[in-house]
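Q: Fold the following for me, if possible:
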Amino acid sequence: MAKARQVAGGGRAVEVPPERLAGFFDRFAERHGGIVATSGTEDEIRVTAADGSAATATVPFGPLDEPSVEALVAHARLPRTIALVLVRLGGHSVGVARDGRVELSRTDRHLVHGRSAAGGWSQQRFARRRAGQARHALQAAAQDVFEVLLPRLSEVDAVVLGGDRRALDELRQDPRLTPLFARAEPRVLEVGEPSRAVLDEAAVRALSVQVTLRDG
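A: Predicted coordinates:
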């Protein structure tokens with residue numbers, strides 16, 4: 001299970017692998033005096049414990065037919081083939097993973113200089129140069145997504161994104177990639193600089209269920 005991170009509005013979020021999800025909810029119940037209520041929709045399941053603590057699971061690859069923990073566990077454990085798009089400024093890694101294992105991928109990096117502390121004309125020239133480098137890097141990322149993932153799009157069950165949201169939004173502007181982004185999951189994975197190792201890790205994390213915990 002990934003390290004907990006703080007979320008807006010209070011509480012903390014964790015990523016729970018499908019095979020550990022049932023045990024996760026069992027341990028939550030044990031720690032907080034048992035479950036007194038379960039509610040949900042096709043998009044999330046919320047359990048409330050006797051001490052007022054709550055665990056809210058976001059349904060991946062929804063919708064969920066039945067709002068129950070048992071249905072969520074069964075849903076999360078279904079085998080899936082996923083297209084992955086990881087992009088940060090200057091680097092990207094894309095691939096297709098089946099049940100958490102990458103079967104096809106392409107990774108690339110392009111030089112994008114950091115920001116300059118200089119002022120005046122030098123700063124303006126540097127900014128133009130940096131913008132050109134960033135544009136070239138994103139064009140390369142879009143081309144790899146188009147060449148690697150679009151031909152396989154009919155074979156995948158979902159699309160999972162990761163990395164920098166601004167860079168991903170830039171890719172969304174490419175009309176060739178509209179069918180892919182139309183199928184993207186709402187959650188965007190937080191990842192480091194894209195590499196094949198990071199892609200392998202993301203392929204496993206993409207199958208996890210995000211659970212937000214709030215104390216009573």
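
Q: going forward, measure contacts between C-alpha atoms and count neighbours the same way
A: Fine.

Q: for residue 180, what are its contacts?
A: By C-alpha atoms under 8 Å, 6 or more residues apart in numbering, the contact set of residue 180 is 150, 153, 159.

Q: Identify each of the strands in the protein and give its residue range.
A: 5-6, 12-16, 35-40, 44-49, 54-58, 81-88, 91-98, 101-109, 158-163, 184-189, 209-214 (DSSP state E).

Q: Turn those into TSV, including mean pLDDT, mean neighbour count and distance to residue 70.
A: Below are these laid out as TSV (pLDDT from 0 to 100; neighbours: other C-alpha atoms under 10 Å; distance: least, C-alpha to C-alpha, whole Å):
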stretch	mean pLDDT	mean neighbour count	distance to residue 70
strand 5-6	86	12	25
strand 12-16	95	19	15
strand 35-40	96	15	11
strand 44-49	97	22	10
strand 54-58	97	22	12
strand 81-88	97	27	22
strand 91-98	96	24	24
strand 101-109	95	17	25
strand 158-163	97	23	22
strand 184-189	96	15	22
strand 209-214	96	21	13
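
Q: Tell me the pLDDT of residue 130.
A: We have a pLDDT of 54 for residue 130.

Q: now residue 116
A: For residue 116, the model assigns a pLDDT of 44.

Q: Domains in this protein, by residue range?
A: Split into domains by automatic domain parsing, the chain comes to 5-78+208-214, 81-205.

Q: Could you tell me the end-to-end distance of the first one?
A: Domain 5-78+208-214 has its terminal residues 12 Å apart, counting by C-alpha to C-alpha, to the nearest Å.
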